[in-house]
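[1] just the structure for this:
(3 chains)
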Amino acid sequence: MNIEKVEKKLNTTKRMQIIDITTQADEVISSLEINSGIISLWVPHTTACVTINENDSSLWQDMLNRYKDLVPLENNYLHPKNAHAHILSSLIKPSLQIPVIEGKMTLGTWQRVLFIELDGPRQRKVVYTLMY
Amino acid sequence: MNIEKVEKKLNTTKRMQIIDITTQADEVISSLEINSGIISLWVPHTTACVTINENDSSLWQDMLNRYKDLVPLENNYLHPKNAHAHILSSLIKPSLQIPVIEGKMTLGTWQRVLFIELDGPRQRKVVYTLMY
Amino acid sequence: MNIEKVEKKLNTTKRMQIIDITTQADEVISSLEINSGIISLWVPHTTACVTINENDSSLWQDMLNRYKDLVPLENNYLHPKNAHAHILSSLIKPSLQIPVIEGKMTLGTWQRVLFIELDGPRQRKVVYTLMY
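    Numbers count the residues shown, from 1 in each chain, chains lettered A, B, ... in the order given. The predicted model follows:
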């Protein structure tokens, strides 16, 4: 198995925010000229995560609103300041693995790769590892 | 690394529904005659997802009931009609990777691969990618 | 692709409990002397799961408390005794895949691999599969 790792930076601008990183992932795949394999997206943080869904700003607002209903920002947590972000990250998780066939991720028509900031604004990283 | 991709169709019959697709995954593995590797299950949709749990219809009812309590069908969402399905899919995610050893997924005694329809009924796809 | 599978046992002591298994995963990688590849962690149970977050006992208490708020231990479930554990496991899921580069998992500074017991105490297993 061959492995290539590429690290990319990402600046978030809000406390909770969704950012479409599909183009960044596509660029990593095409820069490595890899035809088929699997791409791992790894967010090396404990207060951010990554998922798959549509690119739709109204939906993103619904998602963030519901996440806050499920895990409130303030809730007499023992861990100070940002427990909500840790808990949400533990539920949604900081990783995805996506097959790459003929140079493209096997995403459905509406699927986009979404980075979820849960405790920004911060400079974040995404670690892309391609196995082929 | 060798890669084989197989796409299978699935017809759901309810708005929210759990379907055991373990046998479908087993058939993909045995049809490709692959002994060891990793199988990726990818649901190319934004209102469905996949998880692991028991095959038990009472439990499935408990799961769907609780999912609806966590993310209600109607909640003044900005995204029309099926925001609940997108939000649940963003939490549970549309993918799984399962090691395959000696021709079998490394499932525990009670573990089954479960497709979760969140906005049916529809014709759905599951993309199985075997890397070996 | 080469594959090595190692199964480890784990004894939990509480009904719901978080255990840091990062060192166990590190030991599996170093015992196999594997430099780069991907490690799959698979919990072969339907009432336990695995995630990534900090090693912080206050935070762990916050996480477990919130999980119980989201999916109560008792809720007139149809499935007797431990439906809460099955439902939480279906949300958080029993697997993780982590790239291994130069003999180490690509974990961020604060990231640890956390086993989550949802219906203990029990003797549990974690199946580590290294693909390289």
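[2] what about whichever strand or helix holds A:Lys5, near chain C?
    In the assignment (DSSP states H and E), A:Lys5 maps to strand A:3-11. Yes. Judged by Cβ under 8 Å from any Cβ of the partner chain, strand A:3-11 and chain C are in contact via A:3, A:5. Yep, even glycine has a C-beta here, placed from its N, CA and C like the rest.
[3] now the helix or strand following that strand, how far from the centre of its chain.
    Per DSSP H and E, strand A:3-11 leads on to strand A:17-20 as the next helix or strand towards the C-terminus. Centre-to-centre, strand A:17-20 and its host chain are 8 Å apart (Cα atoms, centre = their mean, to the nearest Å).
[4] quick one: strands adjacent to the strand holding A:Lys5?
    Strand A:3-11 pairs in its sheet with strand A:123-131 (antiparallel), by DSSP bridges.
[5] and what about A:Leu91, helix, strand or coil?
    Following DSSP: H, G, I helix; E, B strand; the rest coil, we place A:Leu91 in the helix state.
[6] wait, it touches C:Ile92, no?
    Yes. A:Leu91 lies in contact with C:Ile92 (Cβ atoms under 8 Å); the separation is 6.2 Å.
[7] now do the shared contacts for these two.
    Listed contacts common to A:Leu91 and C:Ile92 are C:Thr51; contacts here mean Cβ atoms under 8 Å, 6 or more residues apart in numbering or on different chains.
[8] burial count for A:Ile29?
    A:Ile29 has 22 neighbours, counted by other Cβ atoms under 10 Å in any protein chain shown.
[9] does stretch A:32-39 come close to chain B?
    Yes. Judged by Cβ under 8 Å from any Cβ, stretch A:32-39 and chain B are in contact via A:36-38.
[10] buried set for that stretch?
    The neighbour-count check on stretch A:32-39 (16 or more other Cβ atoms under 10 Å in any protein chain shown) flags A:32, A:34, A:36-39 as buried.
[11] can you check stretch A:44-55 too?
    A:44-54.
[12] and the end-to-end length of that stretch?
    End-to-end span of stretch A:44-55 (Cα to Cα, to the nearest Å): 23 Å.
[13] close to chain C: what parts of chain A are there?
    A:1, A:3, A:5, A:40, A:42-46, A:70-71, A:75, A:77-79, A:83, A:86-87, A:89-91, A:93-95, A:97, A:125, A:127, A:129, A:131.
[14] of the residues of stretch A:32-39 next to chain B, just say which sits nearest to C:Thr12.
    A:Ile38 (31.9 Å; Cβ to Cβ).
[15] list the contacts of A:Val100.
    Per Cβ under 8 Å, 6+ apart, neighbours of A:Val100: A:29, A:34-39, A:106, A:130, A:132.
[16] same check, this time on A:Ile39
    Contacts for A:Ile39 were tallied using Cβ under 8 Å, 6+ apart; they are A:25, A:28-29, A:97-98, A:100, A:105, A:128-131.
[17] on that earlier part again, can you select the buried ones from the residues of chain A next to chain C in ChimeraX?
    Buried members of the residues of chain A next to chain C, defined by 16+ other Cβ under 10 Å, are picked up in ChimeraX with:
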select /A:3,5,40,42,43,44,45,46,70,71,77,79,83,86,87,89,90,91,93,94,95,97,127,129,131
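[18] helix or strand right after the helix or strand where A:Leu41 lies?
    Assessed by DSSP H and E, A:Leu41 sits inside strand A:37-42. The first helix or strand that comes after strand A:37-42 along the chain, using DSSP H and E, is strand A:48-53.
[19] do that next one and chain B meet at all?
    Yes. Contact of strand A:48-53 with chain B (Cβ under 8 Å from any Cβ) involves A:51-53.
[20] for chain A, what lies in contact range of chain B?
    So far as Cβ under 8 Å from any Cβ goes, chain A lies against chain B at A:1-2, A:36-38, A:51-54, A:56, A:58-59, A:61-63, A:66, A:70, A:91-93, A:96-99, A:101, A:106-111, A:114, A:131-132.
[21] what do you get if the cut-off is 7 Å, keeping everything else the same?
    A:1, A:36-38, A:51-54, A:56, A:58-59, A:61-63, A:66, A:70, A:91-92, A:96-97, A:99, A:101, A:106-108, A:110-111, A:131-132 (Cβ under 7 Å from any Cβ of the partner chain).
[22] ok, of the residues of stretch A:32-39 next to chain B, which one's closest to chain B?
    A:Ser36 (4.9 Å; Cβ to the nearest Cβ).
[23] which residues does the closest residue to that closest one other than its chain neighbours form beta bridges with?
    Of all residues not flanking A:Ser36 in the chain, B:Ile3 sits nearest, at 4.9 Å (Cβ to Cβ, 6 or more residues apart in numbering or on different chains). Beta-bridge partners for B:Ile3, by DSSP bridges, are B:Met131.
[24] residues contacting B:Ile3?
    Residues counted as contacts of B:Ile3 (Cβ atoms under 7 Å, 6 or more residues apart in numbering or on different chains) are A:36-37, A:101, B:129, B:131.
[25] downstream of the helix or strand hosting A:His86, the next helix or strand is which one?
    Using DSSP H and E, A:His86 sits in helix A:83-92. For helix A:83-92, the succeeding helix or strand toward the C-terminus, using DSSP H and E, is strand A:95-101.
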